[in-house]
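A.B. asks: need a 3D model of the following:
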Amino acid sequence: MSEQKLSAKEHHRQAEELRESDRHLEALKELDQAVVLYQEDKDYQGICEALQSRVLTFKHLYFLSKDTAFAIIAQKEAEASLEVAQQHSVGNKLGSCYFRLGEIAMIFDNFPQAIDWYQKALEDYQGSLSEKGDYRYHLGEALYKNGQKEEGKKTILAGLDEIQRGAPEVDPFLVHVWESGLHMKLADLLRDDEPEEARKHLDEARKIADSDQRLIIRRRQIEEVGKSFRN
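C.D. replies: Residues are numbered from 1 along each chain as shown. Now for the predicted structure:
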């Protein structure tokens, strides 16, 4: 009996699960298949989304290895996703394309460029209020690291409000990812400027991550941030 062929979306879904389980090479293989099958269906939105998933996968590989080659590849994948969206009129994906480019600009400490990309992402955003809060807090992080600390912190907290208010609309796993990430970033940013508040945010990040066993990558990231508090 022949093995049933998976659809592009099924390959893509498996890739997302593999990435979140830290199985990055397997995730990339699934994404390659998804891209080819999306193209067969002329599903250019699917291609954009799969390329953005590759951005995330290479970004995680960069953080694991600290090899900038992975960050460069992630940047090129993000640029490819934007170009596909523009050439094939996938307007509802422009916001997420800009967002991924902002994430890569942050890796290279290009904070003014990241601010620009994140602002574009918010302008073109189409989606849930909760995910918009995720976009907003990333803008706040870029502002803070660019020296605009008061505005940055205010923007991050505005993002937290949006994540929480929009939480009923989306998968709880995504809310846990966004909210734990926000508290983790605040802990890292405030560590020297407001150490007591920073520790509170670190504790909150841990509490959220520990409540959902699927947050494998996030728990590792939180522990890395936590090490800087013990030094």
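A.B. asks: quick one: mean pLDDT over the longest helix anywhere in the chain.
C.D. replies: Scanning the chain for the helix with the most residues, using DSSP state H, yields helix 44-65. Averaged across helix 44-65, pLDDT comes to 96.
A.B. asks: what lies in contact with that helix?
C.D. replies: With CB atoms under 8 Å, 6 or more residues apart in numbering as the test, helix 44-65 has contacts from 8-9, 12, 15-16, 19, 22, 24, 27-28, 31, 34-35, 38-39, 67-68, 70-71, 73-74, 77-78, 80-81, 84-85, 88, 90, 92-93, 96-97, 100, 103-104, 107, 217, 221. Quick note: C-beta positions are derived from backbone N, CA and C, even for glycine.
A.B. asks: pull out the buried positions in the helix or strand that comes right after that helix.
C.D. replies: Next helix or strand after helix 44-65 toward the C-terminus (DSSP states H and E): helix 68-87. The neighbour-count check on helix 68-87 (16 or more other CB atoms under 10 Å) flags 70-71, 73-75, 77-82, 84-85 as buried.
A.B. asks: try stretch 147-166
C.D. replies: So stretch 147-166, judged by 16+ other CB under 10 Å, has buried residues 148, 152, 153, 155, 156, 159, 160, 162, 163, 164, 166.
A.B. asks: and if you look at stretch 102-114?
C.D. replies: For stretch 102-114, by 16+ other CB under 10 Å, it's 102, 103, 104, 105, 106, 107, 110, 111, 113, 114.
A.B. asks: contacting residues around the last one?
C.D. replies: Looking back up the chat, that one is residue 114. Counting by CB under 8 Å, 6+ apart, the residues that residue 114 touches are 102, 103, 105, 106, 142.
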